[in-house]
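Student: Task: produce atomic coordinates for the following.
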Amino acid sequence: MKRISRRKLLTSGAAAGVLAASGLASAAPARRGGRLRVGLSGANAGDTWDSRRFRSLFMTVAGSGCVFDCLTEVAADGTLRGELAESWEATPDARIWTVSLRKGVAFHNGKPFNADDVIASFALHRDGSRAAPLVQPIKQIVKITDHQVQFVLAEGNADFPYILSGHHLIIYPAGQIEEAMADGIGTGLYRVDRFVPGRSLIARRVENHYKDGQAGWFDRVELHAVPDPVQRYQGLKTGQLDAINAVPYDRFTALERDPSIHTHRVQGNHYFGFSLHGRELQNTAIRKALRHGIDRQAIADTVLHGYGRPAFDLPFGPLNASFAQSTVDLYDPDLAGHYLRKAGYSELALTATFPEDHRDVAKNILRHSSNTQISVAQSGADLCFASGFGRATEDWVLSECAADGWLSDDIRMLQAEARAEFDSTRRTDLYRAIHSQMSEALPALIPVFADELLATRLTVGRPKTTGALLPLDNARLAERWWRA
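Tutor: Okay, here's the model as predicted:
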């Protein structure tokens, strides 16, 4: 067996990108006590503890960030560390991974954690789960001992331990999964007191937890669904909330001047864009017209008020090792017009759909597209707004693209070669070759990376480095931050 060190993983996953955060870090050390009140976007009345259905930031923070644990987690600096897994080893072809599990861990109902819980939890995601593309390559999970399992993959995957950190892949108690999904029974730092889907979670700290002294500083955590960004902003300003995500871009500068507020600007893989569905958009010339007709820098400067930067229609971001920011400005209205005329159009009329919480951003992005008239549709639109936070590794991104039918056979062959390659330089070269093949073929328009704008009261302390894979310190602020 070959042990994969954290240093080797550092060169292959999210840590190879740039993790940046602005704002003041608390000078005081972490200490136990107090409560955290967070205003979050994205909750839904249909939310449950069934991680197969997790879609929102709210349930990610509540799930893997409070009540449940995964096998691994991505630290704030991008390195991978064990959570319910203590160590992992791979065969030279990266196809068989042996994972040693933490001993002495119990679920909130007292059931001891063991290998059976891992096997049962992963079996949930074979079909009908948002994590299905991640677990389908796992051909078998073998129980070696009560605290050691072996993952047998269909093909080698040098970044497989990163997959184990996926927020859908939380661990439930075997034989009690329905009860755990109904009541929120995990091994996490916080136990559910009250959960109202689409509205709130009240949770209290578990005593004698295996992370004592390392994480979980608050005695009580309150997550409140506040879908309106202005209401979140006002709740923070008035002291009703201690922390909020997604500060409106046009209000962030004012918050920076507020002496009672800490602001945090985090640059990661968060993107805004559109998936392309209309029949006309299958025409290569029309896709090129769209690609060259959108002013990406203007979107970053005006729609995002400078809190973002241009993207170039690929689903990889600055946190991925193979990311290479283009220095070529694609915006060329004359060239866009040329491609439209080549397709037989003088102007393009398209329909678009977008969610209510991103309506203004989506509309303003589309206003920066030349030679194109956009109207709003309720369904069956040519353009569907998409917003995402990217993934820790390129293979993770590509697996989700493959599930959507977005990858050609040639790209999938390159992906298989890259995922099994332990040499980080060679793997990066292979992923960049994939970039060049995807740039023209991907049925998506991704014009901009958007900074995550967070804000806290001065009463909240945090480490110097903030995780950038997901908002709010990789959705783990309840574990990593403290009462200042």
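Student: mind saving the C-alpha coords of stretch 96-113 as CSV?
Tutor: Presented in CSV, the C-alpha positions along stretch 96-113 are these (Å, rounded to 0.1, in the frame of the first residue of the first chain):
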residue,chain,number,x,y,z
ILE,A,96,-7.8,0.7,-3.7
TRP,A,97,-7.9,3.0,-0.7
THR,A,98,-7.7,1.7,2.9
VAL,A,99,-9.2,4.1,5.4
SER,A,100,-8.6,3.9,9.2
LEU,A,101,-11.6,5.2,11.2
ARG,A,102,-11.5,7.2,14.4
LYS,A,103,-12.2,5.1,17.6
GLY,A,104,-14.2,6.3,20.6
VAL,A,105,-16.7,8.3,18.7
ALA,A,106,-20.5,8.1,19.4
PHE,A,107,-23.6,9.4,17.7
HIS,A,108,-25.8,11.8,19.6
ASN,A,109,-28.1,9.0,20.6
GLY,A,110,-25.2,7.1,22.1
LYS,A,111,-24.6,4.5,19.3
PRO,A,112,-20.8,3.9,18.8
PHE,A,113,-19.4,4.8,15.4
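Student: Tell me where the stretch 301-450 of the chain has helices.
Tutor: Using DSSP state H, counting those that start in this stretch, the helices assigned to the stretch 301-450 of the chain run over residues 333-342, 359-366, 394-403, 409-419, 424-441.
Student: got the ones you listed as TSV, with distance to R251 and mean neighbour count columns?
Tutor: Just so you know, the C-beta spots here come from the backbone N, C-alpha and C atoms, and that holds for glycine as well. Rendered in TSV, the data for those read as follows (distance: least, CB to CB, whole Å; neighbours: other CB atoms under 10 Å):
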stretch	distance to R251	mean neighbour count
helix 333-342	32	17
helix 359-366	13	19
helix 394-403	31	22
helix 409-419	41	17
helix 424-441	35	17
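Student: Got phi/psi on the residue of the chain most remote from its centre?
Tutor: Among the residues of the chain, the one whose C-alpha is farthest from the average of all C-alpha positions is G344, by CA atoms, centre = their mean at 39.7 Å. Taking degrees, to the nearest 10, you get phi 90, psi 20 for the backbone angles of G344.
Student: For it, report the pLDDT, please.
Tutor: You'll see G344 listed with a pLDDT of 92.
Student: Same check on G293?
Tutor: In this prediction, G293 carries a pLDDT score of 93.
Student: K237 too?
Tutor: 94.
Student: Distance of it relative to N245?
Tutor: Distance of K237 to N245, computed by CB to CB, to the nearest Å: 15 Å.
Student: what do you get for A115?
Tutor: Distance check for A115 against N245: by CB to CB, it reads 36 Å.
Student: on that earlier part again, more neighbours: which of K237 and N245?
Tutor: Taking K237 and N245 together and counting by other CB atoms under 10 Å, N245 has the greater number of neighbours (25 against 18).
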